[in-house]
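1. using only what follows, build the 3D model:
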Amino acid sequence: MASAAEPASRRGSGPGVGRGTGRRFGRGSGGAGAAAGGAGAAAVGGGAASVGDRPAAGQAGRVSAGSGRAPGDEPVGFGDGAPFGADPSRSVRASITQASVERAFAILLAMTAVGLGIVDTPAVLAQLPYLDPFWGPVVAIALGASFVLVGVSAFVPRVAQLAQILCALLFLVALTTWPLTVQDSIPSTQQPWPWWFCTVGSTAAAMGFATWRATIYTALVPAIYVVLRLTPVGGDAGLVRALLDGVYTALLSGAVLVIAVVLRRAASSVDTAQSTAVRRYSLAIREHAVEVERVQVDAIVHDSVLTTLLSAARADTLEAKTLAARMARNAIDHLEAAAADGPDDDTPVALADLRTRIGEAIGALAAPVRLVAAPAGSVRMPASVADALASAALQAAVNSVQHAGGPDVARWVRVEQHEDGVHVEVGDDGRGFDVATIPAERLGVRRSIIERVAAVDGRAEVHSAPGEGTRIELRWSPTTPSTLPTTGAGA
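-> Below is the predicted model of the structure:
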């Protein structure tokens, strides 16, 4: 069947006996009839494509149409992955995000503030006799209230930043006003109670402030503490002890700040990459939808509109004109059915219904095409898949009738279940042809068969060689979606 794959645009104009019987699943009669009628016009009329219209016979080969491979290569399908992979906005979740980092630090700060507040409360109360009887308790209570607010913010993320800023500022106030709240110098063996909460204040600053403000805060707190420890109101600890305490505070607070900054930047990069991926995916979805629609339109134009126009232009007898008028009605029905199809119109179709539709369509062709008996099968497929397989199979049969040879050529169609999917084979033992020699601008194979099946995640392969007949295999499985082929030879 130079056959099953030959462009159907090479149709004759003479009278034919084919009549339109095709239909869209769940819709009215459609363009399969136009294609079948076109086959009748080509086969019976005076316009059957001659050998000169077909690609020149060349090196024998087995080629997947649309693959662009040289004859003799293995047939190429359409890949094993979905067109765009899993939706990153639904099935792919980033392990680290800006929100998750902020949430983790808010919980960590809440646990630290509340925990240290509870543990060090007795030590704070022990130092109150050395402090001003009014400002000492007020400062301690205010800072303790900010710790409670930080703890609450772990459960109310909306107030987390406010609580962190308030905690950092109150701690800085408590530290810097320490000399004003002390009445009697504390013993040198004790440390001013703000010392026990330096890490809480620095962590709150790292989370609540911008990076540069948090850096200044982290450097300022140890410096102030060293100065306080050198004064009598701070315990007059001596230079070495004061510096050791200051360095310890600086290292611990600096480590917290660095970790916070690094994780925030990493999370921000992840968020940016994820949003970019989602945006590109959305763009790819739109482009894919446009491409699918283009393939459908091209297939309809090739199978129905061009066939009808060619037959009408070449009709020179009453029978041919009648056939052209019937083809025109079928083409209009097909266009209307395609326009009426909605995105959710995908009612499951049984394999038996698919076989019946294909059998009715090929029964209207001008040359006999045998429907090979096969087990019924239990597989069901979406209506869009059934429509694509039936239309592609009919187009392949039409091409066989037009180009494979006369009525002595054996032609067959096999529709069967293969594992959990569908396998349709359209074949003949006619002239055969070299797929690689078909011009890329021809629509018959590339649009009406290859891309039509690929648009529903199916796979189409063309096996042919000059003098050895042609087999076109159409496969679809719900578990093995396929992608579109690369541009290559194919009518």
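2. low-confidence ranges in the stretch 251-400 of the chain?
-> Scanning the stretch 251-400 of the chain for pLDDT under 70 picks out the ranges 289, 292-308, 310-311, 320, 323, 327, 331, 333-346.
3. try 90 this time
-> Within the stretch 251-400 of the chain, the stretches with pLDDT under 90 are 252-254, 256-257, 259-349, 360-368, 373-379, 382-388, 390-392, 394-400.
4. strands of that one, start to end?
-> Ranges of strands in the stretch 251-400 of the chain, per DSSP state E, counting those that start in this stretch, are 349-350, 370-372, 380-381.
5. need those strands in CSV (columns: mean neighbour count and distance to V247).
-> For the C-beta atoms, the positions are set from N, CA and C on the backbone; glycine is no exception. Listed next are the strands of the stretch 251-400 of the chain as CSV, based on neighbours: other Cβ atoms under 10 Å; distance: least, Cβ to Cβ, whole Å:
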stretch, mean neighbour count, distance to V247
strand 349-350, 19, 77
strand 370-372, 13, 87
strand 380-381, 20, 73
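6. state the distance from the closest residue to S268 other than its chain neighbours to D353.
-> In space, and not counting its chain neighbours, S268 is closest to Q98: 5.6 Å by Cβ to Cβ, 6 or more residues apart in numbering. As for Q98, its distance to D353 is 52 Å (criterion: Cβ to Cβ, to the nearest Å).
7. kindly report the same for M207.
-> Going from M207 to D353 by Cβ to Cβ gives 63 Å.
8. neighbour count for those two, which is higher?
-> M207 (27 against 16; other Cβ atoms under 10 Å).
9. from what I can see that one touches F105, true?
-> Yes: using Cβ atoms under 8 Å, M207 is in contact with F105, at 5.1 Å.
10. list the residues that contact both of the two?
-> A260 (Cβ atoms under 8 Å, 6 or more residues apart in numbering).
11. what about the nearest residue to Q183 once chain neighbours are set aside, neighbour count?
-> Leaving aside its chain neighbours, Q183 sits nearest to D132 (5.7 Å; criterion: Cβ to Cβ, 6+ apart). By other Cβ under 10 Å, 14 other residues sit near D132.
12. got phi/psi on D132?
-> With angles defined as degrees, to the nearest 10, D132 sits at phi -60, psi 130.
13. what's the distance between the closest residue to A390 other than its chain neighbours and N330?
-> Closest residue in space to A390, ignoring its immediate chain neighbours: R357 at 4.9 Å, by Cβ to Cβ, 6+ apart. Distance, R357 to N330, using Cβ to Cβ: 15 Å.
14. these two: who's more crowded?
-> Applying other Cβ under 10 Å to R357 and N330 shows that N330 carries more neighbours, namely 29 against 25.
15. how close does the more buried one sit to A364?
-> As judged by Cβ to Cβ, N330 and A364 stand 11 Å apart.
16. next: T177.
-> Computed as Cβ to Cβ, the T177 to A364 distance reads 98 Å.
17. for the lengthiest helix in the chain, name the packing helices and strands.
-> Assignment by DSSP state H gives helix 239-300 as the longest helix of the chain. Of the remaining helices and strands, those touching helix 239-300 by 3 or more Cβ pairs under 8 Å, 6 or more residues apart in numbering; DSSP states H and E are helix 98-127, helix 198-208, helix 211-230, helix 318-340, helix 452-454.
18. mind putting these in a markdown table, distance to A267 included?
-> Below are these laid out as a markdown table (distance: least, Cβ to Cβ, whole Å):
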| stretch | distance to A267 |
| --- | --- |
| helix 98-127 | 4 |
| helix 198-208 | 13 |
| helix 211-230 | 14 |
| helix 318-340 | 47 |
| helix 452-454 | 39 |
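19. run a quick neighbour tally on the residue nearest to Y217 when sequence neighbours are not counted.
-> Spatial nearest neighbour of Y217, chain neighbours left out: A205 (4.0 Å); criterion: Cβ to Cβ, 6+ apart. By the criterion of other Cβ under 10 Å, A205 has 28 neighbours.
20. wait, A205 sits on A168?
-> Yes: using Cβ under 8 Å, A205 makes contact with A168 at a distance of 4.0 Å.
21. shared neighbours of these two, anything?
-> When contacts are counted by Cβ under 8 Å, 6+ apart, the set common to A205 and A168 consists of Y217.
22. out of the helices and strands packed on helix 239-300, which gets the lowest mean score?
-> Lowest mean pLDDT of the helices and strands packed on helix 239-300: helix 318-340, a mean of 69.
23. list the residues that contact S378.
-> Under the criterion of Cβ under 8 Å, 6+ apart, the neighbours of S378 are L351, Q417.
24. any idea how far it is from A204?
-> 65 Å.
25. what's the answer for I472, then?
-> According to Cβ to Cβ, I472 and A204 sit 71 Å apart.
26. circling back to that earlier point, give the residue from T177 and A364 that has the larger number of neighbours.
-> Applying other Cβ under 10 Å to T177 and A364 shows that A364 carries more neighbours, namely 22 against 13.
27. point out where the stretch 1-150 of the chain drops to low pLDDT.
-> 1-106, 108-109, 112-113, 116-117, 120, 123-124, 126-133, 135-136.
28. could you rerun that using 50?
-> Applying pLDDT under 50 to the stretch 1-150 of the chain picks out residues 1-24, 26-92.
29. about what we covered before: now the strands of the stretch 251-400 of the chain in TSV, with distance to L239?
-> Below are the strands of the stretch 251-400 of the chain laid out as TSV (distance: least, Cβ to Cβ, whole Å):
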stretch	distance to L239
strand 349-350	88
strand 370-372	100
strand 380-381	84
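30. ok, which of those strands comes nearest P407?
-> Closest approach to P407 among the strands of the stretch 251-400 of the chain (Cβ to Cβ): strand 370-372, 12.6 Å.
31. can you list the strands that the closest one pairs with?
-> Using DSSP bridges, the strands paired with strand 370-372 are strand 411-418 (parallel).
32. for the partner strand, output the C-alpha coordinates as PDB.
-> This file holds the C-alpha atoms of strand 411-418, laid out as PDB (Å, rounded to 0.1, in the frame of the first residue of the first chain):
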ATOM      1  CA  ARG A 411      -6.000  -5.400   2.100                       C
ATOM      2  CA  TRP A 412      -6.900  -6.000   5.700                       C
ATOM      3  CA  VAL A 413      -7.600  -4.200   9.000                       C
ATOM      4  CA  ARG A 414      -7.000  -5.800  12.400                       C
ATOM      5  CA  VAL A 415      -8.400  -4.200  15.600                       C
ATOM      6  CA  GLU A 416      -7.500  -6.000  18.800                       C
ATOM      7  CA  GLN A 417      -6.600  -5.500  22.400                       C
ATOM      8  CA  HIS A 418      -2.900  -5.600  23.200                       C
END
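33. list the buried ones in that strand?
-> Residues R411, W412, V413, R414, V415, E416 are the ones in strand 411-418 that count as buried (16 or more other Cβ atoms under 10 Å).
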